[in-house]
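Colleague: Task: produce atomic coordinates for the following.
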Amino acid sequence: MGLLAASPTPVWALSAQEPLSLKADAPASYTVREGDTLWSIAARFLDSPWQWQALWQRNPQVASPRQLYPGDVIRLVATDGAPHLALERGRGETVRLSPSVRRAPAREAVPSLPLDRIRVFLESYQIVDPGVLADAPTVVAGQAQRLLSGAGDTLYAHGRLPAAGTTLGIYRPGSDYRAPMSSESEGQVSETRSLGLELHRLGHARVRRNVDGVGELKVLDAVQEIRNGDYLLALDEGGIATQFQPRAPETPIMATILSVPDGVRFIGRHDVVAIDRGRADGLETGHVLQVMRQGERVRDDVRDEWVTLPDTEAGAVMVFRVFEHLSYALVMRASQALAVGDRLVVPSDLREVVASGGAP
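Modeller: Presented below is the predicted three-dimensional model:
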């Protein structure tokens, strides 16, 4: 079993349909460092980082690791000409990976992607059915008629509030994401359907008392000023995954970039985007989709007609939070500025496999 030397990009067949392409300068070994992510490590070895698990699976003795830690050494080795990876934990011994190996706090592990870019979307954003706001209590006043409230302040809300001592989240509505619905005749767009309403959590408040439908609450924490019209809701805030494997979807998926919650005009690497597919469509955290820019319309002066150029591959996004009909994804790479309306598809090197029902 020897180390693989750098050479022109080698391609081995994982199956008759799915090629695995190592980078020409893939290292023989790499030591995991602080600041690495699973994506950045995979990108050192592979032209397509979403094939990370496939490269591990070439070694039947070692499962794809769920977590890597600074100091771990990843070695690229070959058996009978087929590449795979071996892992040495920080102390130097080669180990067989299993769910019981190396129990360590999650904060020590290398994250799947840069958490500082997505933390607010993991902790403070929710996508809900717009109907949840119909009967939700709303802030009507601050202490001493203040227009804005913050941590430690008293505020008043009108509506059906839970018992004294209950803690609620304070939310402000954002985008109401909608998708067109086509009528059955001639494909005409007749109406839209809701994909979900975006809520941004501003903080938390505890109910002190209720008097004739008006509640008094104390603001426990706030990341932004609270104002009249903000909503008080008891939404599930736990169970959000931060560790997942970069991989391609196993079913055909075609999505569209709906918006950029940060409000930037030009979308680039490490920007967060909202896309119009979710759990109901088979999306999961860690899924990687390829971004396709729509081809421009140009004039053919010779034939006196307009033609549309082919779509071009423009980057890749990784899904990091999934709701029923909508997801948040982080742009992992971009060869040009991306835009709202760009299509997202299964990566090109796996598209035919997925479409034919083969194993990706």
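Colleague: going forward, measure contacts between C-alpha atoms and count neighbours the same way
Modeller: Noted.
Colleague: For the protein, which segments count as helices?
Modeller: 38-45, 52-57, 115-123, 348-356 (DSSP state H).
Colleague: what packs against the second one?
Modeller: In terms of contact count using 3 or more Cα pairs under 8 Å, 6 or more residues apart in numbering; DSSP states H and E, helix 52-57 is assigned the packing partners strand 82-88.
Colleague: Taking helix 38-45 as reference, get the angle to the strand it packs on.
Modeller: 130 degrees (axes from the mean of the first three to the mean of the last three Cα atoms, to 10 degrees).
Colleague: Go through strand 82-88 and flag the buried ones.
Modeller: Within strand 82-88, the residues that qualify as buried are 83-88, counting by 16 or more other Cα atoms under 10 Å.
Colleague: Pick the one among the residues you listed closest to residue 260.
Modeller: residue 85 (36.6 Å; Cα to Cα).
Colleague: Touching stretch 147-159 from outside, list them.
Modeller: 135-143, 213-222, 224-228 (Cα atoms under 8 Å, 6 or more residues apart in numbering).
Colleague: What subset of those residues is buried?
Modeller: 136-142, 214-222, 226-228.
Colleague: What's the separation between residue 155 and residue 207?
Modeller: Relative to residue 207, residue 155 is positioned 10 Å away (Cα to Cα, to the nearest Å).
Colleague: my bad, should have said residue 166
Modeller: As judged by Cα to Cα, residue 166 and residue 207 stand 6 Å apart.
Colleague: Which one of the two is surrounded by more residues?
Modeller: residue 207 (22 against 14; other Cα atoms under 10 Å).
Colleague: who's that one bridged to?
Modeller: For residue 207, the beta-bridge partners are residue 217 (DSSP bridges).
Colleague: close enough to count as contact, residue 228 and residue 137?
Modeller: No. Taking contacts as Cα atoms under 8 Å, residue 228 lies outside contact range of residue 137: 11.1 Å.
Colleague: residue contacts, residue 195?
Modeller: 129, 176-179, 276, 325-326.
Colleague: ok so, going back, what sits in contact with each of residue 155 and residue 207?
Modeller: Counting by Cα under 8 Å, 6+ apart, the residues touching both residue 155 and residue 207 are 216-218.
Colleague: got a markdown table for these, with pLDDT and distance to residue 50 too?
Modeller: Compiled in a markdown table, these are given as follows (pLDDT from 0 to 100; distance: Cα to Cα, whole Å):
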| residue | pLDDT | distance to residue 50 |
| --- | --- | --- |
| 216 | 96 | 50 |
| 217 | 97 | 47 |
| 218 | 97 | 46 |
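Colleague: Turn the residues you listed into CSV, columns for distance to residue 67.
Modeller: Below are the shared contacts of residue 155 and residue 207 laid out as CSV (distance: Cα to Cα, whole Å):
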residue, distance to residue 67
216, 45
217, 42
218, 40
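Colleague: Looking at those, which one is closest to residue 115?
Modeller: For the shared contacts of residue 155 and residue 207, the nearest to residue 115 is residue 218 (30.6 Å; Cα to Cα).
Colleague: correct me, but the closest one touches residue 205?
Modeller: Yes. Using Cα under 8 Å, residue 218 makes contact with residue 205 at a distance of 5.3 Å.
Colleague: low pLDDT regions in this structure?
Modeller: 1-19, 57-66, 79-80, 91-108, 182-190, 237-242, 262-263, 348-360 (pLDDT under 70).
Colleague: How is it divided into domains?
Modeller: Under automatic domain parsing, the residue ranges defining each domain of the chain are 2-110, 123-233, 254-356.
Colleague: before we move on, back to that, sort out for me which of the buried ones among the contacts of stretch 147-159 are in strands.
Modeller: The members of the buried ones among the contacts of stretch 147-159 that map onto strands under DSSP state E are 138-142, 214-222, 226-227.
Colleague: show me what contacts residue 165?
Modeller: Contacts of residue 165 (Cα under 8 Å, 6+ apart): 206-208.
Colleague: As TSV, those residues with distance to residue 280 would be great.
Modeller: Output for these, formatted as TSV (distance: Cα to Cα, whole Å):
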residue	distance to residue 280
206	34
207	36
208	39
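Colleague: quick one: which of those is nearest residue 272?
Modeller: Of all the contacts of residue 165, residue 206 has the smallest distance to residue 272: 31.5 Å, by Cα to Cα.
Colleague: And for the closest one, the neighbour number?
Modeller: Count around residue 206 with other Cα under 10 Å applied: 19.
Colleague: mind listing what it touches?
Modeller: By Cα under 8 Å, 6+ apart, the contact set of residue 206 is 164-168, 217-220.
Colleague: and which of these is nearest to residue 250?
Modeller: Among the contacts of residue 206, and counting by Cα to Cα, the member closest to residue 250 is residue 168, at 38.4 Å.
Colleague: For the closest one, the count of nearby residues, please.
Modeller: 21.
Colleague: Same question for residue 69.
Modeller: 21.
Colleague: Please apply the same query to the one 3 residues further on.
Modeller: Using other Cα under 10 Å as the criterion, residue 72 is surrounded by 19 other residues.
Colleague: my guess is it meets residue 36, correct?
Modeller: No. Applying Cα under 8 Å, one finds residue 72 not in contact with residue 36, separated by 11.6 Å.
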